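Chemist: just a sequence and a predicted model for now, questions to come.
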Amino acid sequence: MDGEGSIDYEDGHEPPPRLNKKRRISKGSSGPSRAQLSKAVDDMEASIKRIQSSVSKEVEKMNGIIKTLNTKIKEMDEE
């Protein structure tokens with residue numbers, strides 16, 4: 001320091017140069033993007049359709065079995 005209270009750099013001790021720090025870019029909200037949500041909804045709808053198709057096939061099979069069994073029960077009653 002000089003006599004007036006200012007910092008004197010003439011002695012060869014200069015402060016280190018300031019490095020420009022890169023700012024972090026905000027990614028917006030921390031939640032999923034609109035595209036990710038839309039894809040998730042589409043995937044869920046496709047899953048529902050597959051499940052409904054599978055279930056309806058199984059229901060048809062069960063109805064066929066019930067019909068066959070009811071027919072056999074009627075035949076037993078007739079004997």
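Modeler: Sure thing, it's come through. Residues are numbered from 1 along each chain as shown.

Chemist: what's the mean pLDDT across the one helix or strand Thr68 maps to?
Modeler: In the assignment (DSSP states H and E), Thr68 maps to helix 34-78. For helix 34-78, mean pLDDT rounds to 94.

Chemist: just checking, what packs against that helix?
Modeler: Applying 3 or more C-beta pairs under 8 Å, 6 or more residues apart in numbering; DSSP states H and E, one finds that helix 34-78 contacts no other helix or strand. (Each C-beta comes from the backbone N, C-alpha and C, glycine too.)

Chemist: mind listing what Glu45 touches?
Modeler: Going by C-beta atoms under 8 Å, 6 or more residues apart in numbering, Glu45 touches no other residue.

Chemist: what is the burial count for Ile73?
Modeler: Neighbour count for Ile73, taken as other C-beta atoms under 10 Å: 10.

Chemist: cool, Ser33 as well?
Modeler: Here the number of neighbours of Ser33 (other C-beta under 10 Å) works out to 11.

Chemist: before we move on, what about Ala35?
Modeler: Using other C-beta under 10 Å as the criterion, Ala35 is surrounded by 8 other residues.
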